[in-house]
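Participant: need a structure here:
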Amino acid sequence: MIILLYVLIGFMAQMIDGTLGMAYGVSCRTFLRTIAGVPASIVSAVVHCSEIPTTLVSGISHWKLKNVDSKMLLKLIVPGVIGGVLGAYLLSDLGDMLEPFIDVYLILIGIFIFTKAFQKEGKKPKDMGMLVFPLGLVGGFLDATGGGGWGPVVNSTLIATGQDVKKSVGTTNTAEFIVTVAETAAFTALMVDFTSYMTIIIGLIIGGVIAAPIAAVLCKKIPVRPLLGLVGALVTGLNIYNLVLLF
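Facilitator: Numbering: from 1, shown residues only. Modelled structure (predicted):
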């Protein structure tokens, strides 16, 4: 059954996200475009719709574990929603015309994830100040247009500026639920034939739900740095392949 392919993609993406705290959307979009051949104008909407259950569970879990900075959360949600809705509108309007630009963006994200494997830790926290709003705006916009990127952009930036790692991951993931709901609502309103892709959405959800508890356990056992390098190389390589096919 073809739904098993989407279950596998959802499983793989959630395993990556559950162990790294990022890259569910980036991984899902890359696999759907490369393996399943889902159109660029549809893949982001499909990914975000399937992501709602996983971000909800993740957000609740982090909130209960007190891994959320409530002040930072509110500062990220508003610009994240604005950027996400704008990105959804742009993607639904231009569709496949954005495909080469999105591939280039994901190649850069892949390289960025790869370099995280060699990044030194222990930086002193820097005051984000007014930078939080544009960070959320850019993160939401790129997340909607690229089918993923909220985690790599927002979470990585917070950690790179020396913010507490657990608080950064928890706050970013919790805010992501609200941003994802807003993006999905925008995609639903803008795309008439959205329901015809329910098989993909259901498959991704099933795979993600199965992987979530497994990834949570492996998160404590698998070395993060080698996994970052592997995922970064995979995302970069597959999107270079997509770009070559376009030209």
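Participant: Could you report the neighbour count for Ala175?
Facilitator: Ala175 is flanked by 29 other residues according to other CB atoms under 10 Å. (Each C-beta comes from the backbone N, C-alpha and C, glycine too.)
Participant: Helix or strand: which one has it?
Facilitator: Using DSSP states H and E, Ala175 sits in helix 165-190.
Participant: just the helices in this structure please.
Facilitator: 3-20, 24-31, 40-64, 70-94, 99-116, 132-146, 150, 156-160, 165-190, 198-218, 224-246 (DSSP state H).
Participant: which of those sits most buried?
Facilitator: With neighbours defined as mean count of other CB atoms under 10 Å, the helices of the chain peak in mean count at helix 150, which reaches a mean of 33.
Participant: contacts for that one?
Facilitator: Helix 150 has contacts (CB atoms under 8 Å, 6 or more residues apart in numbering) with 25, 80, 139-140, 142-143, 172, 176, 179-180.
Participant: if we can go back for a sec, I'd like the helices of the chain laid out as TSV, including mean pLDDT.
Facilitator: Listed next are the helices of the chain as TSV, based on pLDDT from 0 to 100:
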stretch	mean pLDDT
helix 3-20	84
helix 24-31	82
helix 40-64	81
helix 70-94	89
helix 99-116	79
helix 132-146	88
helix 150	84
helix 156-160	74
helix 165-190	86
helix 198-218	83
helix 224-246	77
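Participant: nearest to Ile52, of the contacts of helix 150?
Facilitator: Thr180 (5.6 Å; CB to CB).
Participant: shouldn't that closest one be in contact with Glu51?
Facilitator: Yes. Between Thr180 and Glu51 a contact is recorded at 5.1 Å, counting by CB atoms under 8 Å.
Participant: ok, so what distance separates the closest residue to Val153 other than its chain neighbours from Ala175?
Facilitator: Counting by CB to CB, 6 or more residues apart in numbering, Val153 lies nearest to Gly139, which is 4.3 Å off, once chain neighbours are set aside. Relative to Ala175, Gly139 is positioned 9 Å away (CB to CB, to the nearest Å).
Participant: picking up where we left off before, now the contacts of helix 150 as JSON lines including distance to Thr236?
Facilitator: Converted to JSON lines, the contacts of helix 150 look like this (distance: CB to CB, whole Å):
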{"residue": "Gly25", "distance to Thr236": "16"}
{"residue": "Gly80", "distance to Thr236": "25"}
{"residue": "Gly139", "distance to Thr236": "20"}
{"residue": "Gly140", "distance to Thr236": "23"}
{"residue": "Leu142", "distance to Thr236": "16"}
{"residue": "Asp143", "distance to Thr236": "18"}
{"residue": "Thr172", "distance to Thr236": "22"}
{"residue": "Glu176", "distance to Thr236": "23"}
{"residue": "Val179", "distance to Thr236": "25"}
{"residue": "Thr180", "distance to Thr236": "24"}
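Participant: what residues does stretch 109-123 touch?
Facilitator: Contacts for stretch 109-123 (CB under 8 Å, 6+ apart): 20, 22-23, 26, 146, 148-149, 152-153, 156, 160-162, 225-226, 228-229, 231-237, 239.
Participant: One more pass at 6 Å, please.
Facilitator: 26, 152, 162, 225, 228-229, 231-233, 235-236 (CB atoms under 6 Å, 6 or more residues apart in numbering).
Participant: likewise stretch 197-204?
Facilitator: Outside stretch 197-204, the residues touching it (CB under 6 Å, 6+ apart) are 3, 6-7, 10, 46, 49-50.
Participant: of all these, which comes closest to Ala215?
Facilitator: Gly10 (11.8 Å).
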